[in-house]
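Participant: After the sequence you'll find the predicted model.
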Amino acid sequence: MTNDKLARLIASAFGLGYAKKAPGTVASAYTAAIVFILQQYGGLWMVMAFLGISILLSLWSAEQVLKSDPTLSDPSWIVMDEVAGQTLAMLYIFETGNIWYALIAFAAFRLFDIVKPWPVSWADKKVGGSLGILLDDIFAGIMAGIVVFAIQIWLPL
C-alpha cells in the first residue's frame, strides 16, 4: 500500500468518511460507541491512548493528503479529526457508565462541529493545514465536554 493510500485510509477513519450521507456524523457515532465501550472495559488509560493516537493519526494523515493534493483544504471525507474531537468530548463522562451522557456528548459535539461557534469557527477559518483540520474539532470536543460536565453537575441523570 502506498503512503498516499494509507494516509487516505486513515484520514477517512478506515472508510467511514466515504459514507454517502453525513460522514462526520457517522464517524462520530462509531467513535462514541467505541469510546463508551473502552470506558467501561478498558479504563481511562485506554481512552487517553485512543485520544492520543487519533490526534496523531489525524495530523499525519491530513498532512499527507494535503501534500498529495494541494487543491484540497478540508474535504468532508477526512473524518479522523471527528474521531479525535468526539473522543475528547467523551472524556468528560468518564466513569459514569451512563449512556445518556454519552448520547449528550455525541449530540453536543456534532452541534458544535456543525454550527461552529467561536472558537470552533476561528480554528476552521484561520488555522490552515492539518492542524486547522483537527483544531476546530478539538475545540468542539472541549465545548461539548463542558456541556456534558455541566449537565452532570446541575442536572444529573
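Facilitator: It's in. Numbers count the residues shown, from 1 in each chain.
Participant: Can you give me the buried ones in stretch 45-52?
Facilitator: For stretch 45-52, the neighbour count (16 or more other Cβ atoms under 10 Å) marks 47, 50-51 as buried. C-beta here means a position set from N, CA and C on the backbone, and glycine is covered the same way.
Participant: who touches the closest residue to Ile104 other than its chain neighbours in this structure?
Facilitator: Spatial nearest neighbour of Ile104, excluding adjacent residues (Cβ to Cβ, 6 or more residues apart in numbering): Val148 at 5.3 Å. By Cβ atoms under 8 Å, 6 or more residues apart in numbering, the contact set of Val148 is 89, 92-93, 101, 104-105, 108.
Participant: Then Leu157?
Facilitator: 98, 100-101, 151.
Participant: Return the members of the residues you listed classed as buried.
Facilitator: 101, 151.
Participant: ok, back up a step: return the distance of the residue nearest to Ile104 relative to Gly129.
Facilitator: Going from Val148 to Gly129 by Cβ to Cβ, to the nearest Å gives 29 Å.
Participant: repeat for Asp137
Facilitator: Computed as Cβ to Cβ, the Asp137 to Gly129 distance reads 14 Å.
Participant: what comes up buried for stretch 70-81?
Facilitator: For stretch 70-81, by 16+ other Cβ under 10 Å, it's 74-75, 77-81.
Participant: pLDDT weak spots in the protein?
Facilitator: For the chain, the stretches with pLDDT under 70 are 1, 94-96.
Participant: And the helices in it?
Facilitator: Using DSSP state H, the helices of the chain run over 3-11, 23-41, 44-68, 80-91, 99-115, 120-126, 129-154.
Participant: Ramachandran angles for Ser76?
Facilitator: phi -70, psi -20 (degrees, to the nearest 10).
Participant: Surely it touches Pro23?
Facilitator: Yes - at 5.7 Å, Ser76 and Pro23 qualify as touching, with contact defined as Cβ atoms under 8 Å.
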